[in-house]
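Student: Sequence first, then the predicted structure, then my questions.
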Amino acid sequence: MTPPNREIEAESIASVRRHLPALLAHLAREANLGPGKLLVVGASTSEVAGERIGSATSVAIGQAIAEVVLALAQEARCDVAFQCCEHLNRALVVERAVARSRGFQEVAAIPVPGAGGAAAAAAYWAMEDACLVSSVSADAGIDIGDTIIGMHLRPVAVPVRGPVREVGGAHVVMAKSRPPLVGGARAVYDPDEARRRMHAHP
């Protein structure tokens with residue numbers, strides 16, 4: 001595993017700081033992120049640097065990603081979970097208080113570059129009291145570099161198209177969740193229509 005050269009790393013960090021805030025702000029609006037909501041983040045610093053996932057980990061890029069995401073979470077007042085890589089079975093970094101309040105199962109590991117990922121490791125040390133949990137059911141998610149966050153999204157996941165599709169060299173996918181629609185052809189999902197029908201049958 002060879003880190004990207006300094007020029008590429010600097011360009012990648014600039015892209016993170018330029019594009020990621022707009023993507024997160026867009027997702028926060030679309031997913032109505034706020035108190036009680038959980039955002040899951042997956043990120044490959046190698047992909048951001050234009051390399052194959054896991055091949056060019058960069059702590060500096062990971063720190064930039066963690067900083068931008070944590071700032072958005074603080075502004076939106078939502079909780080956030082950073083997904084680790086497959087070597088930690090895609091466990092997630094969260095604040096310990098979040099894990100306890102949500103009843104998450106804590107697992108024993110500390111993410112590092114190469115075993116957890118640089119973004120998750122940076123988030124771990126940036127949080128006040130971080131821990132790892134085995135899984136979450138998030139209300140929204142952003143996947144920077146095709147790290148596969150779907151297993152940690154609450155069903156039903158709905159794609160969210162952002163203002164850009166890449167951060168550095170990494171493909172970005174975002175999603176929000178909605179409750180499953182149940183009831184078949186007679187079911188009503190719109191509140192105004194439900195009220196109309198209630199008033200139509202005194």
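Tutor: Good, I have the coordinates.

Student: After the longest helix seen in the chain, which helix or strand is next?
Tutor: Longest helix in the chain by number of residues (criterion: DSSP state H): helix 6-30. Once helix 6-30 ends, the next helix or strand along the chain (criterion: DSSP states H and E) is strand 38-43.

Student: then the least confident helix or strand in the chain by mean pLDDT to PDB, C-alphas only?
Tutor: Across the helices and strands of the chain, mean pLDDT, DSSP states H and E gives its lowest value to helix 191-200, namely a mean of 92. Listed next in PDB are the C-alpha coordinates belonging to helix 191-200 (Å, rounded to 0.1, in the frame of the first residue of the first chain):
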ATOM      1  CA  PRO A 191     -51.900  13.200   4.200                       C
ATOM      2  CA  ASP A 192     -54.100  15.600   2.200                       C
ATOM      3  CA  GLU A 193     -55.900  12.800   0.400                       C
ATOM      4  CA  ALA A 194     -56.300  10.900   3.700                       C
ATOM      5  CA  ARG A 195     -58.000  14.000   5.200                       C
ATOM      6  CA  ARG A 196     -60.200  14.400   2.200                       C
ATOM      7  CA  ARG A 197     -61.400  10.800   2.500                       C
ATOM      8  CA  MET A 198     -62.000  11.100   6.200                       C
ATOM      9  CA  HIS A 199     -64.200  14.200   5.700                       C
ATOM     10  CA  ALA A 200     -66.000  12.500   2.800                       C
END
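
Student: Quick check: residue 12 vs residue 156, distance?
Tutor: 33 Å (CB to CB, to the nearest Å). For the C-beta atoms, the positions are set from N, CA and C on the backbone; glycine is no exception.

Student: So between the two, which is more surrounded?
Tutor: When residue 12 and residue 156 are compared for neighbours, residue 12 comes out ahead with 28 against 12, by other CB atoms under 10 Å.

Student: contacting residues around that one?
Tutor: When contacts are counted by CB atoms under 8 Å, 6 or more residues apart in numbering, residue 12 is found next to 4, 45, 48, 49, 50, 58, 61, 168, 169.

Student: if you set the cut-off to 10 Å instead, what comes out?
Tutor: Residue 12 sits next to 4, 45-51, 56, 58, 60-61, 64-65, 167-170 when contact means CB atoms under 10 Å, 6 or more residues apart in numbering.
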